[in-house]
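Engineer: the following comprises the amino acid sequence and a computationally predicted model.
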Amino acid sequence: MKSYCIKEFAEALEVIPYALAENAGLNPIVIVTELWNRHAQGETNAGINVRKGLITNILGENVVQPLLVITSAITLATKCVRMVLKIDGIMTVR
């Protein structure tokens, strides 16, 4: 059960690059597929460059974000989902 939850959580996080590509006016399927391929080839710093419309070495482009910002956002989103699931569980029990 625990590995199933982790797998589903990871799939939920896959929405982020799709949304980023789509909001930048790029084709999300093409961009995310190329991003997956680059990561599979070991390019861990590959990311979506919305200005160029390409996958580039984000660290080389000096695009960085504080870890605290990402950690805080993911933690807040996770807590929100847990609250919704608890409320849904209470509503369906009645």
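Structural biologist: That came through, no problem.

Engineer: thought Val32 was touching Tyr18, still the case?
Structural biologist: Yes: here Tyr18 reaches Val32: they are 5.7 Å apart, a contact under Cβ atoms under 8 Å. Glycine gets a C-beta too; all of them are placed from N, C-alpha and C.

Engineer: who has more neighbours out of these two?
Structural biologist: Val32 (21 against 14; other Cβ atoms under 10 Å).

Engineer: assign the more buried one to helix, strand or coil.
Structural biologist: helix (DSSP: H, G, I helix; E, B strand; the rest coil).

Engineer: that one - nearest residue in space that isn't next to it in sequence?
Structural biologist: Distance criterion Cβ to Cβ, 6 or more residues apart in numbering; nearest residue to Val32, sequence neighbours excluded, is Pro17 at 5.1 Å.

Engineer: burial check on Pro28, number of neighbours?
Structural biologist: With other Cβ under 10 Å as criterion, Pro28 counts 17.

Engineer: how much space separates it from Leu67?
Structural biologist: The gap separating Pro28 from Leu67 is 25 Å, by Cβ to Cβ, to the nearest Å.

Engineer: still on that earlier bit, show the contacting residues for the residue nearest to Val32.
Structural biologist: Pro28, Ile31, Val32, Leu35, Ile48 (Cβ atoms under 8 Å, 6 or more residues apart in numbering).

Engineer: return the distance of the helix or strand hosting Thr56 from the chain's centre.
Structural biologist: Using DSSP states H and E, Thr56 falls within strand 54-57. Its chain's average C-alpha position is 16 Å from that of strand 54-57, according to Cα atoms, centre = their mean, to the nearest Å.
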